[in-house]
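Chemist: return a 3D structure for these sequence lines:
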Amino acid sequence: MDKKKLFNQGRSLLEHEMLPFYEVVELNNGDAMIFQGELTTDFFVIKSGKLEVIEGSGAKAVCLDTLEVNDVFGELSFFDEGGRSATVRSSGKSVLYRLTRDHFADMTETNPQLALEYLVILGKLVSGKLRRIDKMISAVTGDQKIKKDPDLKKLIFNIKRAMKSRKDLF
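Modeler: Have a look, this model is predicted:
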C-alpha cells in the first residue's frame with residue numbers, strides 16, 4: 001500500500017473530531033522529535049514540513065526515509081511501548097500533531113466509537129507498513145524486482161549501503 005494513499009481510504013487520522021485530542025508541536029531545522037532507543041509512546045502525524053528517519057549515529061548514521069505532510073511515525077511504540085527504532089528529526093521547520101496515550105484515553109472516554117475507528121485506522125497503517133517492509137526485504141535479498149517506486153529504490157540503496165558498512169552485524 002502506498003504510504004501517500006493511506007489517508008484516502010475512508011476516515012483519516014485528521015478528521016475534525018480527532019483534532020481536539022492532538023497537541024501541536026513545532027520543530028526547527030535539526031530538532032529531533034524522537035530518539036532511537038528511547039522509551040516513549042507518543043504517536044505523530046505531520047501537519048507540515050519534512051522529517052528524516054535516521055538509524056544509527058555519527059558516521060554510521062543512515063537516513064532510511066523522508067517523511068512529509070500526512071505521513072506518520074511512532075505507531076509501533078504507541079502500541080507496544082518498545083524502544084524507538086530510529087531517530088526522527090526535522091529538516092527545516094515542521095509542525096506535528098502528537099497523540100499521547102493520555103489523549104487516547106480521553107478519546108476512549110469521550111467517544112468510544114471514535115477511539116475504535118482510530119485503532120482500526122492505525123491497524124491499517126501498521127499493516128501497510130509491514131507489507132512495504134516485506135517488499136523491501138524481498139528486494140534486498142533479491143527475491144523480487146524493485147518496481148517503479150523511487151522511495152523504495154532509495155530505501156533499498158540505503159539499506160544495502162548500511163549492510164556493507166556493518167558486515168559484522170549480519
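Chemist: residue contacts, Leu76?
Modeler: Gly82, Ser85, Val126 (C-beta atoms under 8 Å, 6 or more residues apart in numbering). C-betas here are computed from N, CA, C, even on glycine.
Chemist: dump those to JSON lines, plus distance to Asn70, neighbour count and pLDDT.
Modeler: Below are the contacts of Leu76 laid out as JSON lines (distance: C-beta to C-beta, whole Å; neighbours: other C-beta atoms under 10 Å; pLDDT from 0 to 100):
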{"residue": "Gly82", "distance to Asn70": "24", "neighbour count": "11", "pLDDT": "90"}
{"residue": "Ser85", "distance to Asn70": "21", "neighbour count": "15", "pLDDT": "90"}
{"residue": "Val126", "distance to Asn70": "16", "neighbour count": "15", "pLDDT": "88"}
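Chemist: can you pull out the low-pLDDT segments for this structure?
Modeler: Counting by pLDDT under 70, the chain contains low-confidence residues at 1-10, 140-149, 160-170.
Chemist: report the central residue of the protein.
Modeler: Phe73 (2.5 Å; C-alpha atoms, centre = their mean).
Chemist: bridged to it, which residues?
Modeler: Applying DSSP bridges to Phe73 yields these beta-bridge partners: Phe44.
Chemist: mind checking how far it is from Val126?
Modeler: 12 Å (C-beta to C-beta, to the nearest Å).
Chemist: what of Arg11?
Modeler: 16 Å.
Chemist: can you get me a residue count around Asn106?
Modeler: Quick fix: residue 106 is Asp, not Asn. Using other C-beta atoms under 10 Å, Asp106 has 14 neighbouring residues.
Chemist: tell me which residues touch Val72, please.
Modeler: Leu6, Leu13, Phe43, Phe44, Val45, Ile46, Leu125 are the contacts of Val72 under C-beta under 8 Å, 6+ apart.
Chemist: any idea what sits nearest the second one, other than its immediate chain neighbours?
Modeler: Right, the one you point to is Leu13. Val45 (5.3 Å; C-beta to C-beta, 6 or more residues apart in numbering).
Chemist: show me the contacts for that neighbour.
Modeler: Counting by C-beta under 8 Å, 6+ apart, Val45 has contacts Leu13, Leu14, Tyr22, Asn70, Asp71, Val72, Leu96, Tyr97, Leu99.
Chemist: in stretch 109-127, what counts as buried?
Modeler: Within stretch 109-127, the residues scored as buried using 16 or more other C-beta atoms under 10 Å are Leu114, Ala115, Glu117, Tyr118, Ile121, Leu122, Leu125.
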